[in-house]
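> Fold the following, please.
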Amino acid sequence: MRKLLLPLPAHSYRFELLLAFVRRIAHPARLVVQDGALWRFTGGRLLSYRQAGEAITVCGDGWNAEDAAAIEGKSRHCLGFCHDLTAFYEYARGDDRLWRVIEPVYGAPLFCTETVFEALVTLIIEQHISWKTAMRAQQTLMQIYDDGAKVGRATVYDFPMPRQLASAAPADLKPLKITNRRIDMIIDIASAVSSGELDLESLAALDPQAAYERLLAIKGVGHWTANNTLGRALGLYPAMSQNDVALQAAIAHYFHDDARLKSAQIVLDTLGEYGEFAGLAGHFTLLRWVLDRYPPISH
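A predicted model of the protein is given here:
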């Protein structure tokens with residue numbers, strides 16, 4: 001067993017809130033919490049992440065000294081170490097209504113997927129279905145392509161590579177129980193990425209607006225999918241996801257105390273006041289909603 005120590009970033013960072021969120025995933029597959037540690041595949045290796053004082057300890061087998069730098073880089077990205085939200089928190093403190101919502105999730109990491117491809121595929125699965133149903137479908141997708149690794153009573157799976165999904169027939173993905181259109185989208189995008197026609201990972205080098213427009217240019221990708229792909233993969237929240245029904249409910253509840261107001265317009269009207277921080281305000285409001293609404297699940 002090899003070990004790597006990652007000092008916590010200087011800015012506010014609460015690893016326990018990441019664990020609390022993962023404990024609320026009904027169908028764990030990509031991320032599993034066991035005995036206070038987060039388990040996931042990173043760079044194809046099963047790793048555990050556990051806080052030890054002012055650092056995160058990364059443990060796993062099958063890597064050498066030459067691999068350590070890559071593992072550290074991928075881990076820092078996935079754990080959200082690189083996102084200093086001090087300016088956002090200072091802004092939120094200046095608005096009593098916003099701070100009441102944000103304060104309980106202050107310091108929550110902007111946890112990211114390892115690749116833009118993974119974020120985009122998972123969000124295509126999540127289009128127009130409930131969160132629990134989407135989590136089950138994502139678990140099924142990973143089970144098709146990976147045997148997984150046992151961690152306690154749970155099993156952790158790695159995410160399929162573009163070349164694996166590119167070679168899939170639509171019938172292969174039927175067990176996901178999503179629409180034929182979304183199955184075709186996943187295969188088409190995987191094929192374009194695998195062939196080099198589409199370079200999703202290069203989006204990290206673009207400014208958020210340019211990256212957003214590149215995603216919108218992909219057939220079948222709309223505002224909600226593009227915006228949330230940037231958030232999930234890169235920790236960027238350039239815009240509001242006003243069509244997210246969970247966010248609509250959260251805004252109606254926390255900011256207006258009236259569920260009847262749930263709508264895309266109430267999201268735009270409420271978060272629009274926060275200008276450049278509107279997208280982040282929406283993200284943390286939704287995180288608060290998940291932590292308050294869903295009880296922890298024993299994996």
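> how about residue 244, what does it touch?
Residues in contact with residue 244 (Cβ atoms under 8 Å, 6 or more residues apart in numbering) are 224, 228, 267, 282, 286. (C-beta placed from N, C-alpha, C; glycine too.)
> now, the most widely separated pair of these?
228 and 267 (13.7 Å; Cβ to Cβ).
> thinking again about what came up before, quick check, nearest of the contacts of residue 244 to residue 35?
residue 286 (27.8 Å).
> Now the nearest residue to that closest one once chain neighbours are set aside: which helix or strand?
Using Cβ to Cβ, 6 or more residues apart in numbering and skipping residues adjacent in sequence, the residue nearest residue 286 is residue 247, 5.1 Å away. Assessed by DSSP states H and E, residue 247 sits inside helix 245-256.
> ok so, going back, do you know how far the residue nearest to residue 286 is from residue 104?
Distance, residue 247 to residue 104, using Cβ to Cβ, to the nearest Å: 17 Å.
> Kindly report the same for residue 254.
Distance of residue 254 to residue 104, given as Cβ to Cβ: 10 Å.
> Repeat that for residue 33.
As for residue 33, its distance to residue 104 is 19 Å (criterion: Cβ to Cβ).
> now do residue 122
Separation of residue 122 from residue 104 (Cβ to Cβ) stands at 26 Å.
> higher neighbour count, the two?
residue 122 (22 against 13; other Cβ atoms under 10 Å).
> Who are the packing partners of the helix or strand hosting that one?
According to DSSP H and E, residue 122 maps onto helix 116-126. On a contact count with 3 or more Cβ pairs under 8 Å, 6 or more residues apart in numbering; DSSP states H and E, helix 116-126 meets helix 131-145, helix 180-195, helix 223-234.
> JSON lines for the ones you listed, including mean pLDDT, distance to residue 205 and mean neighbour count?
Shown next, in JSON lines, are the helices and strands packed on helix 116-126 (pLDDT from 0 to 100; distance: least, Cβ to Cβ, whole Å; neighbours: other Cβ atoms under 10 Å):
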{"stretch": "helix 131-145", "mean pLDDT": "96", "distance to residue 205": "27", "mean neighbour count": "18"}
{"stretch": "helix 180-195", "mean pLDDT": "98", "distance to residue 205": "16", "mean neighbour count": "18"}
{"stretch": "helix 223-234", "mean pLDDT": "97", "distance to residue 205": "10", "mean neighbour count": "22"}
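> Looking at these, spot the one closest to residue 81.
Of all the helices and strands packed on helix 116-126, helix 223-234 comes closest under Cβ to Cβ, at 13.4 Å.
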